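J.: I would like to see how this sequence folds:
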Amino acid sequence: MYKPSVFAHRGASGRYFENTMKAFVEAFSQGAHGIELDVQLTEDGVPVVIHDMDLTRVAGIRKRVSSMTYAEIKKIRIGRKYLRIVFGHRIPSLYEVVSFCDVKGMGLNVELKETVSERPALIKEIIPIISGLKNVHISSFHYHLLEKVKEVDPEIETAYLVRKKGVDWDNLKLYTSADGFHLHKRLFTEPYIRNLRLTTKKIRVYGVTGNEKYVLNPPPFIDGWITDYPGYLISQKKRQ
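T.: Model (predicted):
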């Protein structure tokens with residue numbers, strides 16, 4: 001795969017509403033090498049693709065995803081306010097997106113969110129859904145979930161989403177269950193980059209647009225970019 005690879009953040013979310021099949025199809029059309037998405041769990045334990053743990057922002061419904069069954073979630077329509085009633089999108093299941101990536105030959109970055117953190121035992125149900133993909137990794141801000149992933153399947157690739165606070169930046173080697181680190185572009189500075197490079201693990205940066213100098217001329221230690229605008233980022237690179 002091209003390095004640094006380009007992952008579409010929640011699909012081509014700069015064009016279409018985040019974490020919808022339309023955004024994922026557009027990501028493929030724009031030439032993204034992979035898709036980054038978020039996974040929450042329904043009441044009956046089905047992994048669905050949605051960022052927030054409740055439906056307020058995306059559907060105008062004050063309910064938690066984990067309080068609804070998958071049958072109920074399938075009836076919900078999400079999208080931008082005032083448009084979702086007519087032009088709303090379904091919330092896809094993780095299985096649907098995995099099937100799409102398999103057919104299109106795309107990579108997949110599965111971020112495990114809060115409702116998975118509340119029921120980590122269900123990771124054993126998530127891993128079989130994604131394990132057939134050739135290029136897949138699991139990421140999370142919740143490090144204990146990566147430990148659980150490795151417990152279930154030591155071979156699957158993992159990435160720890162790091163923040164400025166709450167991470168032992170001087171001892172990143174302690175995070176043995178992480179095969180890589182994902183960071184926001186705000187942390188693409190010292191001493192964070194130096195400490196990450198010392199781990200020799202994979203490094204991917206999210207929040208980039210394609211206008212950043214280090215994206216146009218990427219350092220060799222970067223494995224991937226995660227962006228809302230995959231087509232634009234790729235086109236900018238081609239101009240170099």
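
J.: got the buried residues for stretch 104-116?
T.: Residues of stretch 104-116 classed as buried by neighbour count (16 or more other C-beta atoms under 10 Å): 106-116. C-beta here means a position set from N, CA and C on the backbone, and glycine is covered the same way.

J.: again, but for stretch 154-171
T.: Applying a neighbour-count criterion of 16+ other C-beta under 10 Å, one finds 156-162, 167 buried in stretch 154-171.

J.: any stretches of the protein with poor pLDDT?
T.: 1-2, 240 (pLDDT under 70).

J.: show me where it has its helices.
T.: Along the chain, counting by DSSP state H, helices occupy 21-29, 56-59, 70-73, 84-87, 94-104, 114-118, 123-130, 143-152, 192-198, 213-216, 230-238.

J.: so which of those is nearest Lys185?
T.: helix 213-216 (8.6 Å; C-beta to C-beta).

J.: give me the number of residues near Arg15?
T.: Arg15: 18 surrounding residues under other C-beta atoms under 10 Å.

J.: sorry, slip of the keys, the one I care about is Val25.
T.: Neighbour tally, Val25, other C-beta under 10 Å: 15.

J.: swap in Phe87?
T.: 12.

J.: one step back: now the buried residues of stretch 154-171 in JSON lines, with distance to Tyr82?
T.: Listed next are these as JSON lines, based on distance: C-beta to C-beta, whole Å:
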{"residue": "Ile156", "distance to Tyr82": "41"}
{"residue": "Glu157", "distance to Tyr82": "40"}
{"residue": "Thr158", "distance to Tyr82": "39"}
{"residue": "Ala159", "distance to Tyr82": "36"}
{"residue": "Tyr160", "distance to Tyr82": "38"}
{"residue": "Leu161", "distance to Tyr82": "32"}
{"residue": "Val162", "distance to Tyr82": "37"}
{"residue": "Val167", "distance to Tyr82": "39"}
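
J.: how about the helices of the chain in CSV, adding distance to Ser13?
T.: Shown next, in CSV, are the helices of the chain (distance: least, C-beta to C-beta, whole Å):
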stretch, distance to Ser13
helix 21-29, 5
helix 56-59, 12
helix 70-73, 20
helix 84-87, 15
helix 94-104, 14
helix 114-118, 20
helix 123-130, 21
helix 143-152, 23
helix 192-198, 25
helix 213-216, 17
helix 230-238, 10
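
J.: of all those helices, which one comes closest to Gly14?
T.: Of all the helices of the chain, helix 230-238 comes closest under C-beta to C-beta, at 7.6 Å.

J.: what packs against that closest one?
T.: strand 5-9, helix 213-216 (3 or more C-beta pairs under 8 Å, 6 or more residues apart in numbering; DSSP states H and E).

J.: for that helix, what is the distance to the chain centroid?
T.: Chain-centre distance of helix 230-238: 20 Å, with C-alpha atoms, centre = their mean, to the nearest Å.
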